Structures are given as C-alpha cells and as structure tokens.
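Participant: Fold the following for me, if possible:
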Amino acid sequence: MPSTLNSAPLSDDELDRLETFIFSDVVSEDSLDLIGIHGFLCALNISPVPAAEEEWMDVLFDGVPNWASAEQEKEITSTLNRWKSSIYSDLSNDSELGMPCELTLETKNEESELEIWSQAFMEGVFLNEDEWFAEGTSKEETVAELMLPIMVVSNLFDEKEFKEIRNNRAVTEQMANEIPDILVDLFLLFHAPEK
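Facilitator: Next up, the predicted model:
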C-alpha cells in the first residue's frame, strides 16, 4: 500500500512544473496530460493488484522520457508518486475526491476533459484487466456495474449497449456526475477489510 507519510496534495507550482515537463520535447507527444494522469493514478490506486512503477510510468509517458539529468528524473518521479499517494489518501479516507475537470460531456471541443480523464482511467485498468474483472468471483458483477459509467464516458467501447447509452445525453450526464462516488465504491470494494 502506498505510504501515507508523504501524501500532501501537489501545489499549483508543482503541477505547473509537471505540466511543463510533460509538454517538453523530452516526452512523447502521446504522454498523458494532467487530467489524464489524475484518471490513470486513480485507477492504479483502486486496482486490486499493484502495477510495477516502471510499468505504469512507461504507459503514463508513452515510453521512457529523455531525462535531462538524474535530478530531473528523481523530481518528476517523486512528484508523480506523491500525487498517487495523495489520491490514495483521499480514497482510503472515504473523503470527497477532487476531480481535475467538470463532471460533464457538454463541451465546445471535440472531446470533453472528463472523456480524457475516463480514457486514462481505463488505461490504468487495462494494466491488470483480468484482476479487475476476475471471472467467477462475487465481485465480478459489482465491478462491471460500477465501471459502466466510466466505460460509457470514455467512449472507448463500440458495443451497441454503450453507444445506446452514450446517445442518451441525460443518462450519460447523470453517469458523469456519479464518477467521484463510484471511485470510492470501487476502492472500498477491493481494499476494505472483509467483514
């Protein structure tokens, strides 16, 4: 379990430095942005099994950044791990999880920020997908039900049922609003002590 010793939320300055790094030439253009990173880290914290740091960093940055120095690598890695710990702390304390974007798909752009967040969350799920949806377990159906809104909002799935829900704007917006509560429910499902 992540250490809660250093789980203070990132400051605006730290987030700015992280964003500057992500959009620099040393990182792949397909790296996750700050909103995506939040979604991805939420999934890593909720996951029933941990992912190796090297593995999830590789997905987050879409490959290994061309680090300018060992100090830069240490600072960015440390910042990301602290952000991960901060999210873990919020989830484990059953507190309101602050989302980095509006809980809506209404947007002037092609893709809403919540859609980007949900796609990155699913990237985190795909790292250990079999464990999330372990067949034959008592949690399988509950996980599928809880995950439905995030899967719909992500727009990554072409199945007819997803498209039908997605085409119903009112239902989709309601699902979008449920996401912060769903995250806590999923976390507790996998990590609360068995009664």
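
Participant: how far away is the residue nearest the centre of the chain from Ser24?
Facilitator: The centre of the chain sits closest to Gly39, judged by CA atoms, centre = their mean, with a distance of 2.1 Å. Noted for Gly39: a distance of 21 Å to Ser24, by CB to CB, to the nearest Å. All C-beta atoms are positioned from the backbone trio N, CA, C, and that covers glycine.

Participant: Verify the stated contact: the residue nearest to the centre of the chain with Trp117.
Facilitator: Yes - contact criterion CB atoms under 8 Å: Gly39 and Trp117 qualify, at 3.9 Å.

Participant: SS state for Leu103?
Facilitator: Under DSSP: H, G, I helix; E, B strand; the rest coil, Leu103 falls in the coil class.

Participant: Tell me the spacing between it and Asn155.
Facilitator: Leu103 sits 15 Å away from Asn155, going by CB to CB.

Participant: again with Asp12
Facilitator: Remark: distance between Asp12 and Asn155 (CB to CB) = 30 Å.

Participant: for the chain, what are the low-confidence residue spans?
Facilitator: Counting by pLDDT under 70, the chain has low-confidence residues at 1-5, 109, 194-195.

Participant: can you rerun that using 90?
Facilitator: Scanning the chain for pLDDT under 90 picks out the ranges 1-9, 93-98, 106-111, 133-141, 192-195.

Participant: quick one: the strands in it?
Facilitator: Counting by DSSP state E, the chain has no strands at all.

Participant: And the helices in it?
Facilitator: Secondary structure of the chain (DSSP state H): helices at 12-22, 34-46, 53-61, 70-92, 113-126, 129-132, 140-154, 160-167, 169-191.

Participant: between those, which one is nearest to Asn6?
Facilitator: With CB to CB, the closest approach to Asn6 among the helices of the chain belongs to helix 70-92: 5.6 Å.

Participant: Verify the stated contact: Arg166 with Thr172.
Facilitator: Yes - Arg166 is in contact with Thr172 according to CB under 8 Å; the separation is 5.8 Å.

Participant: Spit out the residues that contact those two alike.
Facilitator: The contact sets of Arg166 and Thr172 overlap at Val152 (CB atoms under 8 Å, 6 or more residues apart in numbering).
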